[in-house]
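In: With the sequence up front, the predicted model follows.
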Amino acid sequence: MSISVHNISKTFKDVTAVNNISFDVKEGELFGLIGPDGAGKTTIFRILTTLLFADKGEAIVANYDVIKDYKSIRNHVGYMPGKFSLYQDLTVEENLEFFATIFGTTIEKNYDLIKDIYVQIEPFKTRRAGKLSGGMKQKLALCCALIHKPKVLFLDEPTTGVDPVSRKEFWEMLKRLQKKGITILVSTPYMDEAALCDRIALIQDGKILEIDTPQEIVKHYPKKIYNVKTDNMYKLIECLKSYEHHYSVYPFGEFVHYTDKRDDFNPNELHRFLEEMDAVNIIIQPTETTIEDTFMELAK
Amino acid sequence: MKRFVGFIKKEFYHIFRDRRSLFILFGMPIAQIMLFGFAITNEINNVDIAILDHSKDVTTQEIINKIASSKYFSIKQLIQNEAEIEAVFKKGKVKAVLIFEKDFSKNLTKENNATIQIITDATDPNTANTISNYTNSILQKYQQEINKNIKIPYQIIPKTRMVYNPELKSVFMFVPGVMTIILMLVSAMMTSISITREKELGTMEILLVSPLKPFQVIVGKVVPYIFLSVINAIVIVLLSIFIFKMPVQGSLFLLGIESILFIITSLSLGILISTVSATQQTAMMISLMGLMLPTILLSGFIFPISSMPLPLQVISNIIPAKWFIIILKGIMLKGVGLTFIWKETLILAGMTLFFIVLSIKKYKIRLE
């Protein structure tokens, strides 16, 4: 096991940020912590990176205890905090060089590890980090977190505030790093990114709702989901909620995800109901369950 | 060691790329020394006065000439009657009025006794005092001149001699104070700000999750500022020697060593401040309020400690600046060696050690 967490709890004053959490991450696994803001993801990261003491429970990272062997952990993990935390007044190259030096290594020594990522920001290597775009900042931060060849990489919301194209690129990079044997723990509030992890833990209010592979997690969803669409989104949601047989109604992109209480639900019935409510251009079609649906269901 | 050097290199990048902190570092010492040296001074020069001469005879004319030819006074106005005195004061034109009584010369020769009245504008008590002292000394000199051939029996003439600063130049008094304040401000405020900036920007989080040891971070933060503060100290000493002609009586080497000691004291205070404050703003407020004010008010820089109420005198002992000013005055003005200031040096060294130990203990290796 690369990371194993047992019954960790952490309370700040009267807020329980992390409540009796346990999970294991295998070596070389890409593990995702999925949950909304304030779910306790950052606190878990800080406990695992030895920045915070847990009130209760124990955690092992790369075979070191987070409390007793914190110094060893600090040598062997890479950490990228949620907030951009590089020196804005240093250039791209200077930042990378600085982090290489304080970890007792050089850029040349571990260049192969960061090469794929670094070539993308290399044209801007004399630019100050503060003047980079969001996506490039994240790439630089990832390079800095990787420069000492960590065994475990902690990425706290690495794609928040990054454009969709860069997000996609970023995840492709993670996949490549994983192939090089680095264990990655990543957190994200974006459910679509969850599907890219090997296994995920859904978290809300400091508790783990479920841990499994993304494929298994969606299978646990009890209902068949339908995409519903009409001309008036707002009115559609109102109508569906007033429908006596509705089980859940959530807006999802351009559609509304609808599930019915009955097991023998016939979409035509709903079609007729919506027609009676003066809806036009009605589309009702079955769709795949997503992790977001599962999360909403579990978080109920 | 390589890590440490890398860290220091990074600190220098920070300092040289931030125009504001560069300005504080090098602009302020020069500005302050100039301000205190030229503008803020206890001396009087070319003070405007008015004269009301009721007798208008040879003697009064001679005295007026003497006064007019001194560099301290310039005669702005000759007024004709008492009613005008109030008016010139109210207009703020003059700081003092000299009034010669009627028949001044006659009284002086016949009765051995003539009166001059000096009225000063005491809204500024220090200046008023100095004006009356200077006038008195001009009059006394004149008296001695006219009495040269006449022997007056049993006369006590006090002869005051001001040692160490015979010309009573106030800049001599200010230089040690300004140097103290600047070193304190640059060292304590700048280090505390630079450490809290890492906390605010989140880079401290990454530094913590790195193999850097607490003392490496702290010492790495401090070394660049020791270097810069020493340059500052040299600039101040050079300015005072070449612009204000201030003599440095004692050993320059000792002055350097003592300055470095005080710089380290201030830096350790800066580190201590940074361990208790979370933002740059707090760090700055604590440095300004908690260090600057006591340093200015209680160190003996402006107000003599001996004339403070007892509780304040006691408190002044814990102000590092007090001891450094004593050391500086000793070396620069009196030219004493270590044998005379070892006690103050020891106190400063002790304080430094205390602050360093305390801040290393308080330095958090985690976020809480």
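Out: Okay, I see it. Numbers count the residues shown, from 1 in each chain, chains lettered A, B, ... in the order given.
In: can you pull the contacts of the residue in chain B sticking out farthest from the centre?
Out: Residue distances from the centre of chain B (CA atoms, centre = their mean) peak at B:Lys110, which lies 49.7 Å from the mean C-alpha position. B:Lys110 makes no contacts at all, as judged by CB atoms under 8 Å, 6 or more residues apart in numbering or on different chains. C-betas here are computed from N, CA, C, even on glycine.
In: roughly how far apart are it and B:Asp103?
Out: Distance of B:Lys110 to B:Asp103, computed by CB to CB, to the nearest Å: 9 Å.
In: And B:Leu139, by the same measure?
Out: B:Leu139 is 18 Å from B:Asp103, by CB to CB.
In: again with B:Leu338
Out: From B:Leu338 to B:Asp103 the distance is 63 Å (CB to CB).
In: now swap in A:Pro286 and tell me
Out: 125 Å.
In: So for the two, which sits in the more crowded spot?
Out: Counted by other CB atoms under 10 Å in any protein chain shown, A:Pro286 and B:Asp103 do not tie: B:Asp103 has more neighbours, with 14 against 9.
In: Need the phi and psi values for that one.
Out: For B:Asp103, the backbone dihedrals (degrees, to the nearest 10) come out as phi 50, psi 50.
In: so what's it scoring on pLDDT?
Out: B:Asp103 is assigned a predicted lDDT (pLDDT) of 87.
In: residues in contact with it?
Out: B:Asp103 neighbours (CB under 8 Å, 6+ apart): B:55, B:57.
In: returning to what we had before: are we agreed that the residue farthest from the centre of chain B is in a helix?
Out: Yes. Under DSSP: H, G, I helix; E, B strand; the rest coil, B:Lys110 falls within a helix.
In: Break down chain B into its strands, ranges please.
Out: Shown for chain B, the strands assigned by DSSP state E span residues B:47-53, B:73-79, B:96-100, B:116-120.
In: Okay, angle between the first one and strand B:73-79 too, please.
Out: Orientation of strand B:47-53 against strand B:73-79 (axes from the mean of the first three to the mean of the last three CA atoms, to 10 degrees) gives an angle of 40 degrees.
In: Just the C-alpha atoms of strand B:47-53, please, in PDB.
Out: Provided in PDB are the C-alpha atoms of strand B:47-53 (Å, rounded to 0.1, in the frame of the first residue of the first chain):
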ATOM      1  CA  VAL B  47      16.100  83.400  14.000                       C
ATOM      2  CA  ASP B  48      14.000  86.500  13.200                       C
ATOM      3  CA  ILE B  49      13.800  89.000  16.000                       C
ATOM      4  CA  ALA B  50      12.500  92.500  16.500                       C
ATOM      5  CA  ILE B  51      14.100  95.300  18.500                       C
ATOM      6  CA  LEU B  52      12.500  98.000  20.500                       C
ATOM      7  CA  ASP B  53      15.100 100.600  21.400                       C
END
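In: Flag every residue of chain A that's near chain B.
Out: A:46, A:49-53, A:70-71, A:74-75, A:77, A:79, A:81, A:83-90, A:94, A:97-99, A:101-104, A:144 (CB under 8 Å from any CB of the partner chain).
In: And the helices in chain A, which stretches?
Out: A:41-48, A:70-76, A:92-102, A:111-121, A:134-146, A:164-179, A:191-194, A:214-219, A:233-242, A:267-276, A:291-298 (DSSP state H).
In: counting contacts, what elements does the second one pack onto?
Out: I take that to be helix A:70-76. The contact analysis (3 or more CB pairs under 8 Å, 6 or more residues apart in numbering or on different chains; DSSP states H and E) places helix A:70-76 against strand A:64-65.
In: Pull the residues that contact the strand it packs on.
Out: Residues contacting strand A:64-65 (CB under 8 Å, 6+ apart): A:58-59, A:70, A:72-73, A:76.
In: mind running it again at 10 Å?
Out: By CB atoms under 10 Å, 6 or more residues apart in numbering or on different chains, the list of residues contacting strand A:64-65 from outside reads A:50, A:58-59, A:70-77, A:151-152.
In: Out of those, the closest to B:Gly27 would be?
Out: Lowest distance from B:Gly27 to these (CB to CB) belongs to A:Arg74, with 39.6 Å.
In: So that closest one versus B:Pro211, what's the distance?
Out: The gap separating A:Arg74 from B:Pro211 is 6 Å, by CB to CB.
In: Check A:Asn75 too.
Out: Taking CB to CB, one finds A:Asn75 at 5 Å from B:Pro211.
In: what do the two both touch?
Out: Common neighbours of A:Asn75 and B:Pro211, using CB under 10 Å, 6+ apart, are A:103-104, A:148.
In: Need the nearest residue in space to A:Phe31, chain neighbours excluded.
Out: A:Val25 (4.4 Å; CB to CB, 6 or more residues apart in numbering or on different chains).
In: count of residues packed around the residue of chain B at minimum distance from chain A?
Out: Using CB to the nearest CB, the point where chain B gets nearest to chain A is B:Gly6, with a distance of 3.1 Å. B:Gly6 has 19 neighbouring residues, counting by other CB under 10 Å.
In: Would you mind listing the residues in contact with residue 223?
Out: Went with chain A since none was named. Taking CB under 10 Å, 6+ apart, one finds A:247-248, A:257-261, A:263, A:265, A:289, A:293, A:297 in contact with A:Lys223.
In: Wait, chain B was what I had in mind.
Out: Shown in contact with B:Val223 (CB under 10 Å, 6+ apart): B:4-5, B:7-8, B:11-12, B:267.
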